[in-house]
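Asker: got a sequence here, can you build the structure:
(one chain, ligands or ions: 1)
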Amino acid sequence: MVDTAPAPAGSSSAAASTPLPDPSVVPPVWGRITNLVVERGEGSWLITRDGERYLDYSSGIGVTNTGHAHPRVVAAIQAQAAKILHSQQNITYHEPGLRLYERLRHVLPPPAAGGEWGAFLSNSGAEAVEASVKLARVATGRPVILGFRYGYHGRTGQTMALTTAKDVYRGHFEPLPGSVYHTAYPYCYRWSGGAHAPDEGCVCDWEAQLDLTFHQFVYPEHVAAVIVEPVLGEGGYLVPPPRFLPRLREITRQHGILLIADEVQTGFGRTGELFAVRHWDVEPDILVMAKGIASGLPLSGIVAGAEVLAKLPPGSHGGTYGGNVVACAAANATLDVIEDEGLVANARERGAQFLAGLRALAPRYPAIGDVRGLGLMLALEFVKPGEGDGRVPDPDLAKRVQAEALRRKLIVLTAGTYVNVIRIIPPLVTTSDEVDLALRTLDESLAAAGA
Ligand SMILES: Cc1ncc(COP(=O)(O)O)c(C=O)c1O
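Answerer: Alright, predicted model coming up:
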């Protein structure tokens, strides 16, 4: 149901008394997850026009890490907006931008090879991925970019070519840019005989597949960069086995290939480290960031060695709005909140609580094939018990669970190539009580959906 009803008597919402245009004004390309018309947000909660409160465990697809409308972020935006809204990066410097550029140089430990990190700011995740690809090609003089099956990097031309999470993201738009190949990501649940084993025992043969890719598709010395999501997002919330990233780092170094870590979804504390690569002590050559960086204002960026970054000649990349002054002010306040409120540690603790709760639920629901997650990036994969090898994807069930959760005022998303995964992305400010509430709600939703 579309929430266009007038506000109940006594509602504080003035906006709710004004009739809205019909939602059909929004084109269908924005595939719908709910029909809620939201008026405001507070921490983990979304409040609709008629005052209904929803626990938002989508975080606007992994964006509102500091919660909705964190007062410090809002105050920083308001203060900056009152001074200037647009101070174009080619034309002028601005204080919030200079401060943010400086801070982003320290989000990773100092480069192992010496020197310093540098940053580049743009608007969206896809735009930052585009920047990383251009930089990798210019820095290495090599043409090819290698991505992973199930990966998601955006929906612009170049990023569509890198994306294989789902057919709809690329299938209608051939021809796509070339010199892009894909190799196997370790999908432990599907490759390890049924038991999810993200540990040394995982039998994923991603390394053999990469070797095949080098022998069947492309010479490694032609590869500029490998782009990887350290925890794979849109394609199914896949947590790789512990040796994956360190070994990938070794292989890429052996061949002079740059490693691009796409941390658009995993960044800014989401997995219980400021950036997920830190779980495995892996140093990427280029770190891509967006989403959580500015608590909802459009901003993105890359971090790379300052000398590497300087290889992009002046004017060869950029954009009118990149590094917008108000978005930079929001990002500085976001980083302050993440630090001052210990949100990375909270992501670790609430994530462990949530994962333990989901694992406790799973034995009661035969259709839950796998439970996985890292920090506050959590997933349930649904299968049809008794059919095929016991791991036949069940997208209808995932949809029903999502709908039952929404009926109970909990917002969760789906993921995965077969859309049979429920992903749970709470804000990093979420509390222990809210996690318990979400677990109870999911339990009821699983039962109601017939899991
Ligand atoms: C890993 C990853 N990379 C890139 C993107 C694209 O970001 P945006 O939607 O801001 O273009 C996303 C968005 O979900 C993502 O999850």
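Asker: need phi/psi at the closest residue to Ala362 other than its chain neighbours.
Answerer: Distances taken as C-beta to C-beta, 6 or more residues apart in numbering place Ile368 nearest to Ala362, at 4.6 Å, with adjacent residues excluded. Any C-beta I mention is one placed from the backbone N, CA and C, and that applies to glycine too. Per-residue torsions, Ile368: phi -80, psi 110 (degrees, to the nearest 10).
Asker: and Gly118, by the same measure?
Answerer: Dihedral angles of Gly118 (phi, psi; degrees, to the nearest 10) stand at phi -130, psi 170.
Asker: that one - how many residues pack around it?
Answerer: Using other C-beta atoms under 10 Å, the number of residues around Gly118 comes to 17.
Asker: related to what we said a few turns ago, confidence score at the residue nearest to Ala362?
Answerer: Looking at Ile368, its pLDDT reads 98.
Asker: ok now do it, which residues does it touch?
Answerer: The contact partners of Ile368, taken as C-beta atoms under 8 Å, 6 or more residues apart in numbering, are 361-362, 380-383, 446, 451.
Asker: again with Ile145
Answerer: Counting by C-beta under 8 Å, 6+ apart, Ile145 touches 133, 136-137, 162, 179-181, 223-227.
Asker: shouldn't it be within a strand?
Answerer: Yes - checked against DSSP: H, G, I helix; E, B strand; the rest coil, Ile145 lies within a strand.
Asker: and the stretch 201-350 of the chain, which residues reach the ligand?
Answerer: By C-beta under 6 Å from any ligand atom, the residues of the stretch 201-350 of the chain that approach the ligand are 229, 233-234, 262, 264-265, 290.
Asker: mind running it again at 8 Å?
Answerer: Proximity of the stretch 201-350 of the chain to the ligand (C-beta under 8 Å from any ligand atom) is limited to residues 229, 233-234, 262-266, 288, 290-291, 298, 300.
Asker: pick out the most distant pair among those residues.
Answerer: Using C-beta to C-beta, the two most remote members of those are Glu229 and Pro298, lying 20.5 Å apart.
Asker: now the residue nearest to Ala362: how far from Leu446?
Answerer: Distance, Ile368 to Leu446, using C-beta to C-beta, to the nearest Å: 8 Å.
Asker: also Glu250?
Answerer: Glu250 sits 41 Å away from Leu446, going by C-beta to C-beta.
Asker: pick out whichever of the two has more residues nearby.
Answerer: Neighbour tally, Glu250 and Leu446, criterion other C-beta under 10 Å: the higher count belongs to Leu446, 24 against 11.
Asker: wait, a helix at that one?
Answerer: Yes - checked against three-state DSSP, Leu446 lies within a helix.
Asker: tell me the contacts of it?
Answerer: If a contact means C-beta under 8 Å, 6+ apart, then Leu446 has 361, 365, 368, 401, 404 as its contacts.
Asker: contacting residues for the second one?
Answerer: With contacts defined as C-beta under 8 Å, 6+ apart, Tyr365 is in contact with 446, 451.
Asker: what does it show for phi and psi?
Answerer: According to degrees, to the nearest 10, Tyr365 has phi -130, psi 100.
Asker: do the same with the first one
Answerer: As for Leu361, its main-chain torsions (degrees, to the nearest 10) stand at phi -70, psi -40.
Asker: now the strands: where do they sit in the stretch 101-250 of the chain?
Answerer: 117-122, 144-148, 180-183, 223-228 (DSSP state E, counting those that start in this stretch).
Asker: any chance of a markdown table for these, columns mean pLDDT?
Answerer: Compiled in a markdown table, the strands of the stretch 101-250 of the chain are given as follows (pLDDT from 0 to 100):
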| stretch | mean pLDDT |
| --- | --- |
| strand 117-122 | 98 |
| strand 144-148 | 98 |
| strand 180-183 | 97 |
| strand 223-228 | 98 |
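Asker: where does this structure have low pLDDT?
Answerer: Applying pLDDT under 70 to the chain picks out residues 1-17, 192-203.
Asker: mind doing that once more with 90?
Answerer: Residues of the chain that meet the criterion pLDDT under 90 lie in 1-19, 188-205, 389.
Asker: closest approach to the ligand from it, which residue is it?
Answerer: Per C-beta to the nearest ligand atom, Gly125 is where the chain lies closest to the ligand, at 2.1 Å.
Asker: tell me the contacts of that residue?
Answerer: 153-154, 262, 264-265, 288, 290-291, 300.
Asker: can you check His255 too?
Answerer: Neighbours of His255 in contact, by C-beta under 8 Å, 6+ apart: 220-221, 223.
Asker: filter those residues to the buried ones?
Answerer: Among these, those scoring as buried are 220, 223 (criterion: 16 or more other C-beta atoms under 10 Å).
Asker: okay, and the beta partners of Thr48?
Answerer: As for beta bridges, Thr48 partners with Val38 under DSSP bridges.
Asker: should've said Glu42
Answerer: Beta-bridge partners of Glu42, as defined by DSSP bridges: Trp45.
Asker: same check, this time on Tyr54
Answerer: Beta-bridge pairing for Tyr54 (DSSP bridges): Leu46.
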